[in-house]
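# Fold the following for me, if possible:
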Amino acid sequence: MQQCDIILIMNDEQLRERNLRAIHLSDGLNSNNSESILSDGDISEDMSTAEKLTMDAAGKSDEDDIARKLRLMRHSLAHITAAAVKRIWPNAKFGVGPVIDDGFYYDFDLGDEKISEANFSKIEKEIRGIINYGDTFEKSEMSIDQAIEWSIENNQPYKEDLLNDLKHLGTTVAKDFDMDEVGVSTKEESAVKNVSFYKIGNFVDLCRGPHLANTKDVTGVFKLMRVAGAYWRGKETNPQMQRLYGVVFSTQEELDKYLERIEQAKLRDHRRLGKELDIYTTSQLIGAGLPLFTPRGTVLRDGLSQYSNELRIGYGFEKVWTPHITKVDLYEKSGHWDKFGDELFLITSQETDDKMVLKPMSCPHHAQIYASRPRSYRDLPIRYLETATVYRDEKTGELGGLSRVRSITQDDSHVFCSSDQVEREISNLMATARELYSTVSMKLRVRLSYRDESDVYLGELSLWDSAQAQLKSAATANQIEYFEEEGEAAFYGPKIDFMATDAIGREHQVATVQLDFIQPKRFDLQYTDSKGDIKTPIMIHCAILGSIERFLSVFIEHTSGWFPFWVAPEQIRILTINNTVFDYVSDIKKVLDDVVLMKPIKYNEIRYTVDDRNESLGKKIREATNFKVPIQIIVGQKDKDVREVSVRTQSGEEKIKLSDLSDYLYKQ
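Numbers count the residues shown, from 1 in each chain. Below you'll find the predicted structure:
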């Protein structure tokens, strides 16, 4: 990803848990080259970007070439947007301006001035003027000390922060250093010598590049979309900046399609539908990020959880249960305390001196169940599952609907196996995910995340190589579309991220399968092999739905609230035309009471209500439709006389004999 400097205070583990789909962590201004911070490594430093693109076109597909040029255009437009803002607000202070999915954003500090949508046309006019003028993107270099002096002279404190990090630490990527070190100046020898700047007209910005050769090379279309508050570097004690978002596409047709998707997304917003369909609610007395599920919402989440459990039980998983609080000692030993200590809810006992926390994850608990008795190779693989609620002290500014919550329910599972069992277990979990997401009509592909050549990974290289090969083999065997990315593995093992596409084309990270070579060693987990030798098992973490709350936010928007019949909170509503059919309604209810669905979940009794109010049929139909009840059974005197019902669905209305109603429902 080409970009100006991106600073997001979040480590790799947090990024995976939070799934910030629109913001990609990259190297920021970081570089393995301690001599110079310039442009992205795949762009040669001694030729222009345009020349490089021409050279790269040879041997590359047209699609790849278009994607590269679009990324450059989005990056260049972030720079041009900053220049436009500077023209309108000369005292603007600049933060970061990365490329993101579909476009870019840039963070500004305008003091008491506020950007609003009313300003967008004025900013866009300035942007077009800069594009049409045809300034060349001129790259220059300064020593790190000269750059810091430049940031002070030009009253750019946020750039000064970044430059201090480069000098002190050689990086601006938050995961690479302690939060207390952020922005700290130093008189020590600099970790880098030179940094790069880009200039168009009179506007100069610290940036690693690359850019298009000239502003006139911006041949696509753009639109400013929204402005939002963002704390500098994600820390609530830092100043709040204004984050201006823009989208950039190659053609007007692509932009129009994007805007149509945005409108669709607004109509499908799970926060609105969650309230309208009585799925969940919130309370200020309970707190932010702690949703309350109504009876209807509880049916929905329980049905999805049951399906996930039944699929895994079919592959030999067994249910376990673990408490919601634990001693800090457990997470100190597992390593989670050092990594997630700031995100945990601390608990004080009135009876003991034990330091306790609300459970943030279940894996160390399941490891203790494994460790509770001696294990033999004959026992492996051992498979545990638990629908567990865990708790994380997320920042209040990042909480929203069901997408980001503090109480997180996971369909969690862990496998303890030998190295030669990994492929089969991974294959089983892939098959489980494939079946579940096929059932909810979401296309699935996977990202295979491998280690790279750096030394940040723990465990033997041969174990990594074997495990990565088994991941790929399992994906191939399951005929799941996949792509591979080096350097995206966790430090303790390779992983599989499942990406599901919803009804309007958005891709969401959902399920995860993670190999773990380290936690079994930390807890000294063992089994005896066929030769009597003591071995350490491999641990596989897996959640098919992931966070059930977050999955529901995706599922509600994917279905637009029209849930599949098997999991709909209210599957059928009987609507009476008049009071002469009440006895016939009793006959219909007897049929419904005898129907028990067995697919996709077992023992799924029909959930129905009766609307026999003295209201017009039209009003009853509207209300049932507004609640998105999948089947409406309309009953009038004529239906009673011929022993049939009128069945109304999204597809239309049809007459069905009462004697055939059961068969009809089993086919839904």
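# So, low pLDDT: which residues of the stretch 351-500 of the chain?
By pLDDT under 70, the stretch 351-500 of the chain contains no weakly predicted segment.
# Which parts of it are strands?
355-358, 382-391, 407-417, 443-450, 481-486, 495-501 (DSSP state E, counting those that start in this stretch).
# okay if I get these as TSV plus mean neighbour count?
In this view, the C-beta of every residue, glycine as well, is placed from N, C-alpha and C. What follows is the strands of the stretch 351-500 of the chain, written out as TSV (neighbours: other CB atoms under 10 Å):
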stretch	mean neighbour count
strand 355-358	18
strand 382-391	20
strand 407-417	24
strand 443-450	19
strand 481-486	13
strand 495-501	22
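# Distance to Pro210 for these - can I get that in a markdown table?
Output for the strands of the stretch 351-500 of the chain, formatted as a markdown table (distance: least, CB to CB, whole Å):
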| stretch | distance to Pro210 |
| --- | --- |
| strand 355-358 | 46 |
| strand 382-391 | 42 |
| strand 407-417 | 40 |
| strand 443-450 | 26 |
| strand 481-486 | 22 |
| strand 495-501 | 28 |
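# looking at those strands, which is closest to Val642?
strand 443-450 (43.6 Å; CB to CB).
# now the angle from the closest one to strand 481-486?
Interaxial angle, strand 443-450 versus strand 481-486 (axes from the mean of the first three to the mean of the last three CA atoms, to 10 degrees): 20 degrees.
# For Phe483, which residues count as its bridge partners?
Arg447 (DSSP bridges).
# Kindly provide the distance from it to Ala147.
Phe483 sits 37 Å away from Ala147, going by CB to CB, to the nearest Å.
# how near is Ser349 to Val328?
11 Å.
# where do the contact lists of those two overlap?
Common neighbours of Ser349 and Val328 (criterion: CB atoms under 8 Å, 6 or more residues apart in numbering): Met356.
# re earlier: now for the strands of the stretch 351-500 of the chain, which one comes closest to Thr649?
Of all the strands of the stretch 351-500 of the chain, it is strand 443-450 that lies closest to Thr649, at 24.2 Å by CB to CB.
# got the contact list for the closest one?
430, 433-434, 437-438, 464, 468, 471-472, 475, 480-490, 494-501.
# Have a look at this structure and report the helix or strand with the lowest mean pLDDT.
Scoring the helices and strands of the chain by mean pLDDT, DSSP states H and E places strand 36-37 at the bottom, with a mean of 29.
# Quick check: Trp150 touching Met142?
Yes. Assessed by CB atoms under 8 Å, Trp150 is found in contact with Met142 at 6.5 Å.
# Next, the contact list for Glu460, please.
Neighbouring residues of Glu460 by CB under 8 Å, 6+ apart: Phe517.
# Now Pro374: closest residue in space that isn't a chain neighbour?
Counting by CB to CB, 6 or more residues apart in numbering, Thr528 is the residue found nearest to Pro374 once chain neighbours are left out, at 7.4 Å.
# Sorry, slip of the keys, the one I care about is Asn478.
Met430 (4.4 Å).
# Assess the claim that the one you found and Tyr482 are in contact.
No. In this structure, Met430 is not within contact of Tyr482 by CB under 8 Å, at 9.7 Å.
# Under the pLDDT cut-off, which ranges of the protein? List them.
Applying pLDDT under 70 to the chain flags residues 1-63, 169-191.
# Determine the number of other residues adjacent to Pro323.
Pro323 has 8 neighbours, counted by other CB atoms under 10 Å.
# Could you tell me how far it is located from Leu358?
Applying CB to CB to Pro323 and Leu358 gives a distance of 10 Å.
# ok, now which ones touch the nearest residue to Ala82 once chain neighbours are set aside?
Leaving aside its chain neighbours, Ala82 sits nearest to Tyr106 (5.3 Å; criterion: CB to CB, 6+ apart). By CB under 8 Å, 6+ apart, the contact set of Tyr106 is 4, 78, 81-82, 85, 94-97, 243-244.
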